[in-house]
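In: 3D model of this:
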Amino acid sequence: MIVSMIQLIFEIPDVESIKDKRRIIRSLRDKLQRRFHMSAAEVDLQDSLTFAHIGGALVSNSRSFGEMVLNKAFKMIEDEAPIRIQDMRIYSEEF
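Out: Just a heads-up that it's a prediction; the model follows:
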């Protein structure tokens, strides 16, 4: 069993409240779950107004498949989300 994971740290410009930040993160998380059938959650920086840290995971039987799906998810985030990526990491582990 291969677990492929993605970690994203990003800036959300032009937010004025935690409520706005949560709306953007919820929308992003829901898109990841619906389109790519992966688990996703905000894992850190919950108290920061302009920065967020999201983690996602996908279980498959192939490292290349898992990382391909996560790269597509990253591309979708880059193209559609109103954010600035600060750091991104994709990696896989075998269990």
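In: which residues in this structure form helices?
Out: 18-36, 63-80 (DSSP state H).
In: Could I get those in CSV, plus columns for mean neighbour count?
Out: Where you see a C-beta, it was placed from the backbone N, CA and C, and this is true even at glycine. CSV is the format used below for the helices of the chain (neighbours: other CB atoms under 10 Å):
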stretch, mean neighbour count
helix 18-36, 15
helix 63-80, 16
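In: could those helices be laid out in CSV, adding mean pLDDT and distance to I2?
Out: Formatted as CSV, the helices of the chain follow (pLDDT from 0 to 100; distance: least, CB to CB, whole Å):
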stretch, mean pLDDT, distance to I2
helix 18-36, 90, 15
helix 63-80, 91, 5
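In: Reformat the ones you listed as a markdown table; add distance to E94.
Out: Formatted as a markdown table, the helices of the chain follow (distance: least, CB to CB, whole Å):
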| stretch | distance to E94 |
| --- | --- |
| helix 18-36 | 20 |
| helix 63-80 | 7 |
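In: quick one: the nearest residue to F10 once chain neighbours are set aside and S92, what's the gap?
Out: Spatial nearest neighbour of F10, excluding adjacent residues (CB to CB, 6 or more residues apart in numbering): I83 at 4.4 Å. Separation of I83 from S92 (CB to CB, to the nearest Å) stands at 24 Å.
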